[in-house]
Structure formats: C-alpha cells, structure tokens
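Enquirer: heads up, no residue letters with this:
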C-alpha cells in the first residue's frame, strides 16, 4: 500500500443487502463507516456512525458533507438546493464505475417539503427514482437514494447524531409512493396520531415535538398513509432501536474492507474480528476458489492485505471468510466484497449477487 494513499483510505464493513424494507442507510463519516455483517448470510441491522440517517429503504453511496446551509432562511417549495446539498447529491456516485452510477439530476435538485426549521431536498433519477437529503439546523444530514425498483410504499429517512438521548431531536423525512395516498399521519407508541402535510410529489417532513421525543426514542413510530376516503393504503415503521447500532464485538464475525475513496471496485485489505468462543483458525477464499490462511490474534482480531493483482477480484463476486474451531467445525462465516459489489446488488444490476 502506497503511503500517499493513506489520507484517501476508507474502511468499510461489508454492507448488507437492502432487499427488504427495514434496512438502514449510510451517512457521512470522514474516516470510517461501520456497517453490520453477520456470521452467516447478512440480514438487515442498524448501522452505527457518528452522524447518520436511518432510512427504511436503499441508501446509496458514500457521502461527504460539504459544509453548512444557512439556517433561518425562508424555505419555499421549488427553491433550488444550495451548494452543500448539491455536493452531497453528486457524491452518491463517488468511487463507483459509470455503469453503477445513479447520476441524480443535481442541477434540478430543489426543496420538496419543509417545516421551516427543517427542509427536504430531492433530485430525480433517470429511471424515476430519486435521491433526497434532509437539512436540519442548517446542517445537511446525508443524501440517500432509491431507484424506481427500490421504492417502498412509504420511504423514510431519520438523521441522528451521537450521543443520542431521550431528548435528542427527531426529524423524519421521505416520500409516500403508495398509489392513491392522499394524506399521511404519524402514530406514536401511545396510539396518538398527528397529521403530516404532504409536499411536492408525495415528499414530506416532520419534526417530532419535544413532548413526544422520549416515547419515540423508546418505541419508534408508525407512519400511516390513507386515501381520500380515509382508508389505509400503506405503513412505514421506524423501530424502537433506530438510534442504536451493533457493536463490532457483538457480531460473530465482524469484517471491514479497506478501499480508496476514488475506486470502490477495489479492495486493498481486510480486517476485523472473530468473536465466537473456540475459533482456532480463519480461512479466506477468493471467488475463484483460491484459499489462504489468515492469522488470528489472541483476541480474535485479524488483518491482511490483498495483493495488487487481486484487488479487483471482489468486485464482481464476493469472497468468503470462514472461522473454524480445533475440530475444523465452522463456527462463523461472512462474505467479503468490494463496496461497488454491494451497490450493484442493492440496485439489482444483472451479473451481481
């Protein structure tokens, strides 16, 4: 590894696929982004970052916040997105090859919903999908995207900043995609409901009141979309533990890949930790079947470099780490792939997955 690359290196735990409704989004963190990888086939779990957005749908791209947005400005539906938001929207394709790029229409990005203190911006994708970004307190909170094929009946994003307390502000934004939806309400854990005005094209934003914050942090909430007659047509749920994420040590086999921000098709190295008692050995197998033994530290930690000639091998298909006990029984395993691979799987690109 070239020492000059160090500034540009990102460590990224192998993302879990987002084929189900309760997956969690990525949001910006300058040095390291931690996502969950489970011991067997991945399943959705909250993802922990210092500043994050929870999204009940796909979140695409590694984002770097480009600066603040002036707070207190009058927010008008249709008003163009400011430069920091446009920078975030452009960044969803950072490090990805052209055939995986979403190419949001950044020039036409604009306000689609606002509460005055919080604002939601959106940009369209060529296939009819969209990218959106919340700005709260003048701070862009990270863009998240969904292709047309990945849209959910109610798509929501909720940013949070560590440390999270029962009194931490909660703002929810998103879009109602359910056909026939004419209104939206938020239902709190105690059963009480409040109306959420719909903005442009079904987008919405809502600031939870201080009185409801403890119950939302403890029990989440439910969004309910109804048609013009009042009949329910869709739901979107934020789970009670939305502000929490899995600790590395709680995962049987935690895996983190190392890449440069300029090319997410390549993996420079792999590190992590086996947390299952009795693990005695670890094997890494490339997609072509080539296997290598990986030394385990006394605490189960490991790290190895990928040779330059093989740094692109984990783009089209994943490799696999397998931990075994002294009797050669498998005690934990996890896929290992480039960030670009997981993006392709998320977007349903043929030839991946």
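Expert: That came through fine. As the structure is a computational prediction, the values presented were derived from the model and not from experiment. Residues are numbered from 1 along each chain as shown.

Enquirer: quick one: low-confidence parts of the stretch 201-350 of the chain?
Expert: For the stretch 201-350 of the chain, the stretches with pLDDT under 70 are 241, 243-247.

Enquirer: Which parts of it are strands?
Expert: Counting by DSSP state E, counting those that start in this stretch, the segments of the stretch 201-350 of the chain that form strands are 203-207, 221-226, 232-238, 253-260, 269-274, 281-285, 291-293, 301-305, 319-324, 330-336.

Enquirer: Compare those and give me the one nearest residue 180.
Expert: strand 232-238 (5.4 Å; CB to CB). Every C-beta, even on glycine, is put in place using the N, C-alpha and C of the backbone.

Enquirer: strand partners of the closest one, parallel vs antiparallel please.
Expert: Under the criterion DSSP bridges, strand 232-238 sits next to strand 221-226 (antiparallel) in its sheet.

Enquirer: relative orientation of the strand it pairs with and strand 203-207 in degrees?
Expert: 140 degrees (axes from the mean of the first three to the mean of the last three CA atoms, to 10 degrees).

Enquirer: What are the phi and psi values at residue 268?
Expert: Main-chain dihedrals, residue 268, degrees, to the nearest 10: phi -80, psi -30.

Enquirer: do you know how far it is from residue 257?
Expert: 8 Å (CB to CB, to the nearest Å).

Enquirer: which of the two has more neighbours?
Expert: Each of residue 268 and residue 257 has its neighbours counted (other CB atoms under 10 Å); residue 257 has more, 27 against 20.

Enquirer: The more buried one bridge partners, please.
Expert: Going by DSSP bridges, residue 257 forms beta bridges with residue 12, residue 270.

Enquirer: how near is it to residue 353?
Expert: Distance of residue 257 to residue 353, given as CB to CB: 17 Å.

Enquirer: Of all the strands of the stretch 201-350 of the chain, which one is nearest residue 100?
Expert: So among the strands of the stretch 201-350 of the chain, strand 253-260 is nearest, using CB to CB, at 14.2 Å.

Enquirer: Quick check: which helices or strands does the closest one pack against?
Expert: If contacts are counted by 3 or more CB pairs under 8 Å, 6 or more residues apart in numbering; DSSP states H and E, strand 253-260 sits against strand 9-13, strand 269-274, strand 319-324, strand 330-336.

Enquirer: Pretty sure residue 90 sits in a helix.
Expert: Yes - assessed by DSSP: H, G, I helix; E, B strand; the rest coil, residue 90 belongs to a helix.

Enquirer: from what I can see it touches residue 105, true?
Expert: No - Residue 90 lies out of contact with residue 105 (CB atoms under 8 Å); the separation is 10.9 Å.

Enquirer: Any regions of the stretch 1-150 of the chain where pLDDT drops low?
Expert: Ranges of the stretch 1-150 of the chain meeting pLDDT under 70: 1-75.

Enquirer: Do a quick rundown of the strands in it.
Expert: Going by DSSP E, counting those that start in this stretch, the stretch 1-150 of the chain shows strands at 9-13, 32-33, 51-55, 110-114, 118-124, 130-136, 139-140, 144-146.
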